[in-house]
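Engineer: Make a model of this:
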Amino acid sequence: EQLVESGGGLVEAGGSLRLSCAASGGTFSRYATGWFRQAPGKEREFVAAITWSDESAYYADSVKGRFTVSRDNAKNTVYLQMNSLLSDDTAVYYCAAEWDGSSWFGVASSWGSWGQGTQVTVSS
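Structural biologist: Residues are numbered from 1 along each chain as shown. Modelled structure (predicted):
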């Protein structure tokens, strides 16, 4: 499946953005959808994930309490609401699908499909 992210941009510290991830040409498959981010010179890191069966949500400690992941079945879209943004949140954000179950959600290699990424820049 092809994933298309949108909603990135430039925001001041303390502001909010909502990212969207849509499954192009069909519905999300498999068990869950995840969000990762990658800042310049750093490895891709887990941000959040949501399961499709019961909407269980999982978050990295660095975003817990500030970010919320949700899904809209009718629109085949997953959202990442980001509040109280910090300069450290600046990164390219990626949507991931087709989790293979080989490891926990936070391991990037356990996801089989990725979007193109959307840039989030937080100015301090």
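
Engineer: Let's check: the centremost residue of the chain is which one?
Structural biologist: Geometric centre of the chain, nearest residue: residue 35, 2.2 Å, by CA atoms, centre = their mean.

Engineer: Name the nearest residue to it, ignoring sequence neighbours.
Structural biologist: Take residue 35 and drop its neighbours on the chain: the residue closest to it by CB to CB, 6 or more residues apart in numbering is residue 47, 4.3 Å away. All C-beta spots, glycine's among them, are computed from the backbone N, C-alpha and C.

Engineer: How much space separates the one you found from residue 104?
Structural biologist: Taking CB to CB, to the nearest Å as the measure, residue 47 falls 14 Å from residue 104.

Engineer: between these two, which one's more packed in?
Structural biologist: residue 47 (25 against 11; other CB atoms under 10 Å).

Engineer: Partner strands of the helix or strand containing that one and their direction?
Structural biologist: Here residue 47 sits within strand 45-51, counting by DSSP states H and E. With DSSP bridges as the test, strand 45-51 is paired with strand 32-38 (antiparallel), strand 57-59 (antiparallel).

Engineer: Strands along this protein, start to end?
Structural biologist: 2-6, 9-12, 17-24, 32-38, 45-51, 57-59, 67-72, 77-82, 91-99, 111-114, 118-123 (DSSP state E).

Engineer: How far off centre is the third one?
Structural biologist: Distance of strand 17-24 from its chain centroid, counting by CA atoms, centre = their mean, to the nearest Å, is 8 Å.

Engineer: ok and that strand relative to strand 91-99, angle-wise?
Structural biologist: 40 degrees (axes from the mean of the first three to the mean of the last three CA atoms, to 10 degrees).

Engineer: Could you list the buried residues of strand 17-24?
Structural biologist: Judged by neighbour count (16 or more other CB atoms under 10 Å), strand 17-24 contains these buried residues: 17, 19, 20, 21, 22, 23.
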